[in-house]
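Student: From the sequence below, what's the structure:
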Amino acid sequence: MKKLVLLLMIFASAISAKAQKRIIVALDGSGNYKTVQEAINAVPDNSKATTEIFVKRGTYKERIVLPVSKINVTLIGADVKNTVLTYGNYAGTLDSLGKPLGTSRSASFYVYGAGFTAKNITFDNSAGPVGQALAIYVAGDKSCFLNCRFLGNQDTIYTHGKGSRQFYKDCYIEGTTDFIFGAGTCLFTNCNIYCKKGGAYVTAASTLDTTAYGYVFIQCKIAGNAPDNSYALGRPWRPYAKVVYLQCDLGAMIRPAGWDNWRNPENEKTAYYAEYKNTGPGYKPDERATWSHQLTDAEAAKYTPALILNGWKPDTK
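Tutor: Have a look, this model is predicted:
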C-alpha cells in the first residue's frame with residue numbers, strides 16, 4: 001500500500017511539473033491583465049512548467065522585458081496581424097539622464113529567459129527610418145518564433161545571445177540595413193524576408209569563432225520593394241560571421257556579388273558565407289564574391305536542424 005501511495009505521489013509530481021499555467025491579456029480588461037508586462041511579471045520564477053500567456057487582439061504599446069528568471073514562457077497571440085506589441089524607441093532616444101539609448105537599449109521587446117516561445121505575434125518598432133531601432137532583442141537560449149512578424153527598419157532583430165539557439169519558422173521579417181544581426185545561432189525556415197527600399201544588407205552576423213553555425217536560412221523567400229541589385233545577403237559585423245542560404249528564393253534586389261566584406265578585405269579570410277541550390281533572379285552563383293562558397297551536396301548535408309541547433313528540437317505545434 002505504501003509503495004502504491006509513493007508511486008501515485010511521484011506520478012502526481014510529474015504531472016504537476018509539466019502542467020501549464022495560463023494567463024490571459026486583454027486591453028479591454030476581459031483577461032487577467034491589461035498589459036503583457038504585467039502578465040510576464042506574474043510568471044513564477046525559474047518554473048520548470050510552461051506558463052502560457054494568451055494575448056487577445058489589440059495594439060499593446062509597451063516596452064516589454066522577459067527577465068532571465070522567467071523561463072519556459074509561451075506567448076500566443078489571437079491573430080498575428082492584429083496582436084501587435086510595439087514601442088517607439090531608437091538609438092538616438094534620450095534616457096532619463098539625457099544620454100542616447102544606443103542600439104541595445106532601443107528594443108520594444110527583450111527576451112532573456114530561456115525556453116521562450118512566441119506564436120502569432122507581431123513585434124514592432126514604430127520609430128520609423130531614424131537609424132537603429134530594434135523590434136526585438138533575443139538573448140535567451142532555446143527561443144522559438146512561429147508564425148510571427150517582425151517590423152522595423154535598421155536592426156529589426158538583434159540575435160544577441162552569444163551561443164544562444166534560436167528558431168524562426170513561417171515568420172515575416174522586414175527591414176532595411178542589417179535587419180537581422182548578432183551572435184546567436186539561428187535557423188530560419190520557410191520565412192519571408194522583406195528588403196525595404198532604402199536598405200542595403202540583410203544580415204550582419206557576429207558569430208563567435210568557436211561557434212559552428214551562425215545564421216542558416218532554409219527554403220526562405222527573400223523579397224521586397226528595394227531596387228534591383230541594391231542588397232547584399234550579408235556583411236560581417238565581426239570577423240568570423242557565418243551565414244548560409246539553402247534552397248532559398250532570392251529576389252532581384254540581391255546584388256550579383258551576393259556578399260560584402262564591410263570595407264575590410266581581412267574579413268574575407270575569416271567570414272564564412274555560403275549558398276546551396278538557391279533560385280530566383282537574385283541567385284547568380286557565377287558572379288558571387290570569390291571568397292564565398294557554393295556548397296556541395298555533402299557539405300549541405302551538414303545543415304540539419306539537429307546539428308545547427310546542437311540537439312535542441314523546438315516544439316513547433
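Student: what's the span of stretch 48-65, first residue to last?
Tutor: 20 Å (C-alpha to C-alpha, to the nearest Å).
Student: How about stretch 254-266?
Tutor: Using C-alpha to C-alpha, first and last residues of stretch 254-266 are 23 Å apart.
Student: what does the average pLDDT come to for it?
Tutor: The pLDDT scores in stretch 254-266 average 98.
Student: And stretch 36-55, by the same measure?
Tutor: Stretch 36-55 comes out at a mean pLDDT of 97.
Student: Can I take it that Gln37 is in a strand?
Tutor: No - under DSSP: H, G, I helix; E, B strand; the rest coil, Gln37 sits outside any strand and is assigned helix.
Student: if you skip the residues just before and after it, what's nearest to it?
Tutor: Ile64 (5.2 Å; C-beta to C-beta, 6 or more residues apart in numbering). C-betas here are computed from N, CA, C, even on glycine.
Student: Now do the one you found: how many residues are near it, please.
Tutor: 21 (other C-beta atoms under 10 Å).
Student: Spit out the contact partners of it.
Tutor: Counting by C-beta atoms under 8 Å, 6 or more residues apart in numbering, Ile64 makes contact with Val36, Gln37, Ile40, Leu85, Tyr87, Ser108, Phe109, Tyr110.
Student: Restrict those to the buried ones and give me that as a ChimeraX selection.
Tutor: To isolate the buried members of the contacts of Ile64 in ChimeraX, using 16 or more other C-beta atoms under 10 Å:
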select :36,37,40,85,87,108,109,110
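Student: Show me which pair in the contacts of Ile64 is furthest apart.
Tutor: Ile40 and Tyr87 (14.6 Å; C-beta to C-beta).
Student: how deep is the residue nearest to Tyr240 when sequence neighbours are not counted tucked in, by neighbour count?
Tutor: Distance criterion C-beta to C-beta, 6+ apart; nearest residue to Tyr240, sequence neighbours excluded, is Asp209 at 4.2 Å. The burial count assigned to Asp209 is 9, neighbours taken as other C-beta under 10 Å.
Student: who's in contact with Asp209?
Tutor: Contacts of Asp209 by C-beta under 8 Å, 6+ apart are Pro239, Tyr240, Thr270.
Student: Which of the residues you listed sits closest to Phe167?
Tutor: Tyr240 (21.7 Å).
Student: Specify the local secondary structure of that closest one.
Tutor: Classified using three-state DSSP, Tyr240 is coil.
Student: okay, now it: neighbour count?
Tutor: There are 18 residues near Tyr240, going by other C-beta under 10 Å.
Student: And Asp228, by the same measure?
Tutor: 12.
Student: Next, the contact list for it, please.
Tutor: Taking C-beta under 8 Å, 6+ apart, one finds Ala252, Met253 in contact with Asp228.
Student: Verify the assumption that it is located in a strand.
Tutor: No - counting by three-state DSSP, Asp228 is not found in a strand; it is coil.
Student: Sketch out the low-pLDDT regions of this protein for me.
Tutor: For the chain, applying pLDDT under 70 flags the ranges 1-19.
Student: What spatial separation is found between the closest residue to Gly131 other than its chain neighbours and Ser108?
Tutor: Using C-beta to C-beta, 6+ apart and skipping residues adjacent in sequence, the residue nearest Gly131 is Ala91, 5.2 Å away. Distance of Ala91 to Ser108, computed by C-beta to C-beta, to the nearest Å: 13 Å.
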